[in-house]
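K.L.:
okay, predicted coordinates and the sequence, questions at the end:
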Amino acid sequence: MTRDDQPPLDAANLTDDEAPDDRIVVGRYASHPAAQERSLVALAMGEACWLEPDPEAVRPGGQILLVAPASAAIVREQLARFERESAYWPPRAPVEPTPDNPHRGLFPPLLWGLAIVWVYRMQQIAPGITDWGMLDARAVWHSGELWRPFTALFLHADIGHMVSNLISGWFILRTWFCLEPLWSAWARLLGSSVLANALVAIIALSGGHHSIGASTTVFAGLGLLTGRALRRRGQPGRWRPLLIPAAAGLAILGLYGAGDAQTDVLAHVAGFGCGTAIAALIKRP
């Protein structure tokens with residue numbers, strides 16, 4: 001017998017003529033579907049049960065669940081457990097609050113872009129700024145020039161390099177600043193970017209790694225968005241919802257994080273990884 005051919009649960013056990021008169025009500029429900037769902041608890045226990053219209057229902061459609069006296073206590077206990085386990089299930093999808101200021105995500109990336117353009121202009125006026133501020137792994141760890149993981153985030157080799165970072169960074173950073181409080185968003189963005197450059201300097205220390213560019217910040221922002229989505233979708237015992245944001249972030253990293261020999265793939269991967277870890281593990285205050 002297929003599932004569609006099965007009789008309704010009201011007739012799953014005894015007919016009304018065979019039903020004993022001493023049946024006990026173990027549950028009252030506002031609708032037939034709700035009562036039918038609870039009757040599955042009794043049927044799963046192998047106990048006979050009946051559904052009948054509730055004579056005390058305030059609204060039409062109310063149902064009562066009845067069982068034999070001998071099984072009333074154990075069925076009530078299992079129904080109580082069912083109600084506890086079914087509370088707040090299925091979980092509601094998280095809803096993003098509407099920003100109080102719709103322009104909150106507009107000015108921080110604009111400020112970031114203006115800073116990059118100004119620094120690039122200074123590089124043209126004083127070329128020594130590039131040598132002073134680039135990420136030099138040996139200078140960072142052997143000479144103690146700890147400012148380099150930060151200053152390298154604002155330097156660029158040419159105008160094409162700068163424009164590509166400005167365009168991609170605008171969309172990613174605008175989204176990030178729309179979702180998080182201002183100071184928390186700045187702290188996480190710059191913190192993950194500097195941490196990524198510091199890790200790159202450690203990993204590539206033996207090779208004397210040198211790099212510049214805001215792409216580390218761009219991919220750190222992408223990682224922050226991915227980590228935030230992972231944290232909001234994460235639920236105890238449920239790992240499948242995590243695949244969607246993780247796959248999306250990794251796909252964008254794979255598409256735009258690799259390039260020619262001049263592309264600093266290590267910095268891109270480090271930025272994405274640090275941003276993802278910080279957003280996923282550290283909850284905002």
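P.N.:
Here it is on my side, so go on.
K.L.:
which residues touch R188?
P.N.:
E180, L224, G275, I278, A279, I282 (C-beta atoms under 8 Å, 6 or more residues apart in numbering). The C-beta positions use only the backbone N, C-alpha and C, and glycine is treated the same way.
K.L.:
out of these, which are inside helices?
P.N.:
For the contacts of R188, membership in helices holds for L224, G275, I278, A279, with DSSP state H as the criterion.
K.L.:
then the strand or helix carrying G271 to PDB, C-alphas only?
P.N.:
G271 is located in helix 265-281, with elements delineated by DSSP states H and E. Taking Å, rounded to 0.1, in the frame of the first residue of the first chain, the C-alpha atoms of helix 265-281 are listed here in PDB:
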ATOM      1  CA  VAL A 265      47.400  35.200  -4.600                       C
ATOM      2  CA  LEU A 266      48.800  34.500  -1.100                       C
ATOM      3  CA  ALA A 267      47.600  37.900   0.100                       C
ATOM      4  CA  HIS A 268      44.100  37.400  -1.400                       C
ATOM      5  CA  VAL A 269      43.700  34.000   0.200                       C
ATOM      6  CA  ALA A 270      45.100  35.300   3.600                       C
ATOM      7  CA  GLY A 271      42.700  38.300   3.500                       C
ATOM      8  CA  PHE A 272      39.700  36.100   2.700                       C
ATOM      9  CA  GLY A 273      40.700  33.500   5.400                       C
ATOM     10  CA  CYS A 274      41.300  36.100   8.100                       C
ATOM     11  CA  GLY A 275      38.100  38.000   7.300                       C
ATOM     12  CA  THR A 276      36.000  34.800   7.400                       C
ATOM     13  CA  ALA A 277      37.500  33.600  10.700                       C
ATOM     14  CA  ILE A 278      37.100  37.000  12.400                       C
ATOM     15  CA  ALA A 279      33.400  37.400  11.300                       C
ATOM     16  CA  ALA A 280      32.500  33.800  12.000                       C
ATOM     17  CA  LEU A 281      34.100  33.500  15.400                       C
END
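K.L.:
residues of that helix that come out buried?
P.N.:
Within helix 265-281, the residues that qualify as buried by neighbour count (16 or more other C-beta atoms under 10 Å) are 266-280.
K.L.:
by contact count, what packs against it?
P.N.:
Contact here means 3 or more C-beta pairs under 8 Å, 6 or more residues apart in numbering; DSSP states H and E; on that basis helix 265-281 packs against helix 182-203, helix 215-233, helix 243-256.
K.L.:
show me the helices in the protein, by range?
P.N.:
Assigned helices in the chain, in chain order: 32-44, 72-86, 107-125, 128-133, 137-142, 148-151, 159-179, 182-203, 215-233, 243-256, 265-281 (criterion: DSSP H).
K.L.:
possible to save those as TSV with distance to G61 and mean pLDDT?
P.N.:
TSV is the format used below for those (distance: least, C-beta to C-beta, whole Å; pLDDT from 0 to 100):
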stretch	distance to G61	mean pLDDT
helix 32-44	6	91
helix 72-86	20	90
helix 107-125	54	93
helix 128-133	73	91
helix 137-142	72	88
helix 148-151	66	93
helix 159-179	43	89
helix 182-203	49	91
helix 215-233	36	85
helix 243-256	38	67
helix 265-281	46	87
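K.L.:
so which of those comes closest to E52?
P.N.:
Put simply, out of the helices of the chain the one that sits nearest E52 is helix 32-44, at 9.2 Å, with distance taken as C-beta to C-beta.
K.L.:
and the angle for that closest one with helix 72-86?
P.N.:
Using axes from the mean of the first three to the mean of the last three C-alpha atoms, to 10 degrees, the direction of helix 32-44 lies 120 degrees away from that of helix 72-86.
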